[in-house]
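K.L.:
after the sequence you'll find the predicted model.
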Amino acid sequence: MLTRRAVLGRAVLGGAIGAAGALTLAGGVWPARSSNAATARAVQSLPPRPPHSGGRLHDWTIVAQEGRARLLGEDKPASTVWTFGDTLMPVRRVRIGDSIRATMINRLPDHTSMHWHGLRIPNAMDGVPYVTQLPVQTGERFVYSFTPPDTGTFFFHPHCNEAGQVGRGLAGVLIVEGDEQRASDADHVMVIKDWRLAPDGGWLDFETPEGASRAGTFGTVRAVNAGPTVTADVPAHGDIRLRLLNLDGTRQIEAGVDGADAVVIAIDGNPIDPFPLHTWRFAPAMRLDILVRAPAAGQSFTVYDYFAAEPYPLGRFASVPSSKSARPFEPAPLYASDIPRADLATAERLPFEFSAAPGSPAAAVSDLPDDDPLKDVLLDSLCVGSRTFWAINRQTWPGGDHRNLPPPLARLTAGRSYIFEMVNSTPHPHPIHLHGHTFEVLSSSRQKLPRFLADTVLMQPRERIEITFVAAPGNWMFHCHVLEHLETGMMGWLKVT
């Protein structure tokens, strides 16, 4: 059926909205985001966050352990999963100003750690084995202690053998509350992550040479919150906050809402001036917060992934009677985060090229389109058993774990502003993540993007993107978040002193 969403088209933000350059919603006419300059002003116009009380200490004991889950379905064989706690991908919530003391106990058969993705916390708490801490061996424990400086939607995961450990489910969600001017009427977390399972419930290989040397190895079972899709009742005419997290190791999502009006309110947990959601594409490690005005009682809305071959329902939400009445949809912006903003006039520019590793099989076919049949023939003939396919500035991360550190990609000065001029010279997309920082996306050569704050940015094939930030002291990882790519070379680190 041709839906309103299909008519709008499967375009990244900024596609054609109409001859008038505006989209009409229930609350009036929204101006089209047709220029980065206009959006840049809007990003900086968010209201400042008022003083907060906070101050609570959350003292958690988090056990990394094995468990069992029926990921194929209730009537199908169970699978052995790895979890941080007693449930798959647990959700933990704190308030801005609260502190966290998380004691991680490792009861897995492999060493592990906890990287707090997207959080600007002290380098010693970043959770990267051999870079910020020793790996937590079986039977050992490690205490992570910090106070989150920003509100938002974040997550935590290991940072060694990620494809296998996250592939089995080892991840969790951390939400730092306190960013809403006007409380939403419901708040739902949607963790998007596929599973690579055989029909008997056993795990298939999490990494394959064919996937690692291309766009990644996809799962065999689609899942949201460890099930086929999310279903929930929501109050009719209520404002529903949806927090979408892409914790898959490979898949890109192009999210859109059918059956209700929706706006984007945060990207990677960072508030942005609300803009209408047509569709928004986000890759592994990226997050999207949207606010949806629920329809009248008895009606429903659906969140779809439009990047799939057929639109895939990520969540179905049914409106039930409530005390809310129909009214214009006028979303209140979230409070601004206290993130240092770069001085573009004095920022130092540094180039970073994300490419196939010199001499690797991927380099031999890098100029061929991904759907070129000759590519398969060449890769097979070149024997893609190599563990190194990718590079940053022609430097590759050593195979195995983090034990043997290469030289840093760059040496930066704490407190100084930088602009990274990033080029993707490959025919594959790469979501690029910088640890310990929130950067501003300045420009893109292929996507019509607003200026926004993020910790991970999706680089399309042959694309140039500029980001800017203020450097914080420490040794910080800088890598693609397609898990097979970072484990086969596309990872490095920055030394900030």
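P.N.:
Alright, I've got the coordinates. Keep in mind it's a predicted model, so treat the numbers as computed, not measured. Numbering: from 1, shown residues only.

K.L.:
neighbours of the closest residue to Q181 other than its chain neighbours, how many?
P.N.:
Counting by CB to CB, 6 or more residues apart in numbering, A332 is the residue found nearest to Q181 once chain neighbours are left out, at 4.3 Å. In short, each C-beta sits where N, CA and C put it, glycine included. Residues lying near A332 (other CB atoms under 10 Å) number 15.

K.L.:
wait, A332 sits on R182?
P.N.:
Yes: the pair A332 / R182 is scored as a contact, 4.4 Å apart, by CB atoms under 8 Å.

K.L.:
sorry, back to before: next one: the residue nearest to Q181 from F452, what distance?
P.N.:
According to CB to CB, to the nearest Å, A332 and F452 sit 18 Å apart.

K.L.:
got the end-to-end distance for stretch 322-337?
P.N.:
With CA to CA, to the nearest Å as the measure, the ends of stretch 322-337 fall 32 Å from one another.

K.L.:
for it, what is the distance to the chain centroid?
P.N.:
Its chain's C-alpha centre and that of stretch 322-337 lie 25 Å apart, by CA atoms, centre = their mean, to the nearest Å.

K.L.:
can you pull the buried residues of it?
P.N.:
322, 324, 329, 331, 333-337 (16 or more other CB atoms under 10 Å).

K.L.:
what sits up against that stretch?
P.N.:
Contact with stretch 322-337 is made by 25-28, 44-50, 150-152, 178-182, 185, 235-239, 261, 263, 265-266, 270-274, 291, 293, 296-297, 438, 453, as judged by CB atoms under 8 Å, 6 or more residues apart in numbering.

K.L.:
mind listing what L350 touches?
P.N.:
410, 418-421.

K.L.:
of these, closest to H485?
P.N.:
The closest of the contacts of L350 to H485 turns out to be F420 (CB to CB; 17.9 Å).

K.L.:
longest strand in the protein, by residue count?
P.N.:
strand 57-69 (DSSP state E).

K.L.:
what is that strand packed up against?
P.N.:
Judged by 3 or more CB pairs under 8 Å, 6 or more residues apart in numbering; DSSP states H and E, strand 57-69 is in contact with strand 79-84, strand 91-95, strand 99-106.

K.L.:
give me the mean pLDDT for that strand.
P.N.:
Averaged over strand 57-69, pLDDT sits at 98.

K.L.:
now swap in stretch 397-404 and tell me
P.N.:
70.

K.L.:
centre of the chain to stretch 153-169, how far?
P.N.:
Taking mean C-alpha positions (CA atoms, centre = their mean), stretch 153-169 and its chain are 12 Å apart.

K.L.:
that one: end-to-end distance?
P.N.:
18 Å.

K.L.:
in it, what counts as buried?
P.N.:
Buried-residue list, stretch 153-169, by 16+ other CB under 10 Å: 153-169.

K.L.:
low-confidence stretches in the protein?
P.N.:
1-44, 359-386, 399-403 (pLDDT under 70).

K.L.:
please, which helix or strand holds G211?
P.N.:
Per DSSP states H and E: G211 is located in helix 209-212.

K.L.:
packing partners for the helix or strand following that helix?
P.N.:
Under the assignment DSSP H and E, the closest C-terminal helix or strand after helix 209-212 is strand 230-235. Here strand 230-235 touches strand 186-192, strand 312-320, going by 3+ CB pairs under 8 Å, 6+ apart.

K.L.:
and the angle for strand 230-235 with strand 186-192?
P.N.:
170 degrees (axes from the mean of the first three to the mean of the last three CA atoms, to 10 degrees).
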